[in-house]
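Enquirer: Structure for the following, please:
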Amino acid sequence: MLPDGFAIAFTALCLTKIIGVFFTSLLLGPADLTVSQLIKGLLGREDVNRAIWLVIYEVRLPRTLLVLFIGASLGASGAALQGYLRNPLTEPGLIGVSSGASLGAVLAFYSGLSATYALAIPLSGIAGAFSAVLAVYFLAGKHNSPLYLNSIWCCCQRLCWRTHKPGPYYVLKPVCDHGNCVLDDGIFSRS
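Expert: Model (predicted):
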């Protein structure tokens, strides 16, 4: 365990860096802004140009806040996952989030749903990730120890991986051997 003084100093340093990156992100972009223009725009002063106000409030502030909240949520979910599985090297692919999401996205692409609805691929990816995690959780049952969850997910991950491979841009090539033609996709052959 770290000493209390060190933990406080480290937290203060991290918060200072986050605040610095936050304001730097508000300043940087194709439209040049000075620090005084940024401060006047954030404070809502009357003498600020309308274009500067639009750049700050319609482009940069939403982008910066979104990045800040996404980073915080990813950090919190990673810490929760590492705490639950009691493994500091755990990542979301370990319990099926990545493979389930890719399977859901590929299913939306193959079914043609993505051609009719613009958000079909991301929403299908989210649904696939959620259903993969639920499948692992329910397959583990009462024995939801970290080792058992990891073992269950290794089986489910291989199933998801084999289901959506080859990828959507993979081309089947005909292989002819002694007049017998089959389509070879690199994983298995079928006639």
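Enquirer: if I pick Ala51, what's in contact with it?
Expert: Ala31 (Cβ atoms under 8 Å, 6 or more residues apart in numbering). Placement of C-beta: from N, CA and C, glycine included.
Enquirer: scratch that, Ile56 is what I was asking about
Expert: Ile56 neighbours (Cβ under 8 Å, 6+ apart): Leu26, Leu33, Leu38, Gly41, Leu42.
Enquirer: Repeat the analysis, applying 7 Å as the threshold.
Expert: Leu26, Leu38, Gly41, Leu42 (Cβ atoms under 7 Å, 6 or more residues apart in numbering).
Enquirer: Turn the buried ones among these into a named ChimeraX selection, would you?
Expert: In ChimeraX, this line selects whichever of the contacts of Ile56 come out buried by 16 or more other Cβ atoms under 10 Å:
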select :26,38,41
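Enquirer: Helices - which of the contacts of Ile56 land there?
Expert: Secondary structure defined by DSSP state H assigns Leu26, Leu38, Gly41, Leu42 of the contacts of Ile56 to helices.
Enquirer: count of residues packed around Gly128?
Expert: 25 (other Cβ atoms under 10 Å).
Enquirer: no, scratch that, I was asking about Ile70
Expert: For Ile70, the neighbour count with other Cβ under 10 Å is 10.
Enquirer: what about it, distance to Leu42?
Expert: Going from Ile70 to Leu42 by Cβ to Cβ, to the nearest Å gives 21 Å.
Enquirer: related to what we said a few turns ago, now for the contacts of Ile56, which pair is the farthest apart?
Expert: Spatial extent of the contacts of Ile56 (Cβ to Cβ) is set by the pair Leu26 and Gly41 at 8.9 Å.
Enquirer: Wait, Phe109 touches Pro122, no?
Expert: No. Using Cβ atoms under 7 Å, Phe109 makes no contact with Pro122, being 11.5 Å away.
Enquirer: related to what we said a few turns ago, tell me the one among the contacts of Ile56 nearest to Phe130.
Expert: Leu26 (33.9 Å).
Enquirer: ok, for the closest one, nearest residue in space, not its chain neighbours?
Expert: Arg60 (5.0 Å; Cβ to Cβ, 6 or more residues apart in numbering).
Enquirer: now the helices for the protein?
Expert: Under DSSP H, the chain gives helices at 4-27, 35-43, 50-54, 61-85, 97-111, 113-116, 120-140, 146-164.
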